[in-house]
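Enquirer: Here's a sequence, model it:
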Amino acid sequence: MSNDNIQRRGLMLVLSSPSGAGKTTLSRRLLASDNAITMSVSCTTRAPRSGEEEGKDYFFVSSSMFTQMAEGGAFLEHALVFGNHYGTPKEPVMLSLAKGRDVLFDIDWQGTQQLRQHAGDDLVSIFVLPPSHEELERRLRARAQDAEDVVQARMAKANNEISHWAEYDYVVINDDLESTLDKIRTILDAERMRRGRQTGIPAFVGKLMS
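Expert: Have a look, this model is predicted:
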């Protein structure tokens with residue numbers, strides 16, 4: 001048996017950042033290059049944006065349905081962000097972890113705090129910082145997706161989000177996309193090798209010593 005085939009428990013990888021720091025692009029690139037990790041699909045009460053697909057980008061639900069799910073304990077975490085509710089369904093995440101698949105989360109610091117209460121040692125959290133305040137604003141404007149008042153609201157919220165960097169396991173500065181992606185991959189590779197996650201190690205060692 002090669003060490004690549006040793007059974008392991010999956011992990012929850014959180015990427016957080018202020019809007020515009022690059023976590024969505026980093027998430028997409030990571031998912032495209034690593035078939036052992038899957039994206040957690042959140043429920044949201046906001047309307048779909050152009051190109052978004054039901055069940056792939058989000059599960060779009062009504063406010064009443066979201067409230068019912070939250071009260072029934074169906075979410076690992078949920079939060080109100082810019083007037084819309086977002087939540088992570090619990091059941092599909094736990095099934096993935098048990099099968100040895102990692103789950104990627106694109107959530108904010110509030111969601112990460114809630115997730116940590118449920119996840120324990122399954123959680124690995126990374127905070128992505130922009131290289132400067134000016135670059136953060138430039139990236140937000142370059143997206144040309146949001147109205148000016150939304151851009152200003154996101155910039156105003158950025159300092160509060162950044163102030164929570166010390167609550168994360170790792171911090172990376174996204175001054176270069178490829179370099180930052182390499183750092184995230186390095187973190188993921190190391191965390192996958194933690195002794196406690198490699199559930200097949202005791203049996204492997206037993207064979208070695210027999």
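Enquirer: by contact count, what packs against the helix or strand in which Arg29 is found?
Expert: According to DSSP states H and E, Arg29 maps onto helix 23-33. Under the contact criterion of 3 or more C-beta pairs under 8 Å, 6 or more residues apart in numbering; DSSP states H and E, the helices and strands touching helix 23-33 comprise strand 12-16, strand 37-39, strand 102-106, helix 177-192. C-beta: built from backbone N, CA, C; applies to glycine.
Enquirer: Out of these, the one nearest Glu161 is which?
Expert: Comparison of these against Glu161 by C-beta to C-beta identifies strand 12-16 as nearest, at 7.7 Å.
Enquirer: buried ones in the helix holding Arg29?
Expert: Buried residues in helix 23-33, counting neighbours by 16 or more other C-beta atoms under 10 Å, are found at Lys23, Leu26, Ser27, Arg29, Leu30.
Enquirer: can you pull the contacts of the residue nearest to the second one when sequence neighbours are not counted?
Expert: To tie it back to what came earlier, the one meant is Leu26. The spatial neighbour of Leu26 that comes closest, neighbours along the chain excluded (C-beta to C-beta, 6 or more residues apart in numbering), is Leu181 at 5.9 Å. Under the criterion of C-beta atoms under 8 Å, 6 or more residues apart in numbering, the neighbours of Leu181 are Leu26, Arg29, Leu30.
Enquirer: Distance of the first one relative to Asp175?
Expert: Okay, so that is Leu26. Taking C-beta to C-beta, to the nearest Å as the measure, Leu26 falls 13 Å from Asp175.
Enquirer: Likewise for Lys99?
Expert: Per C-beta to C-beta, Lys99 is found 36 Å from Asp175.
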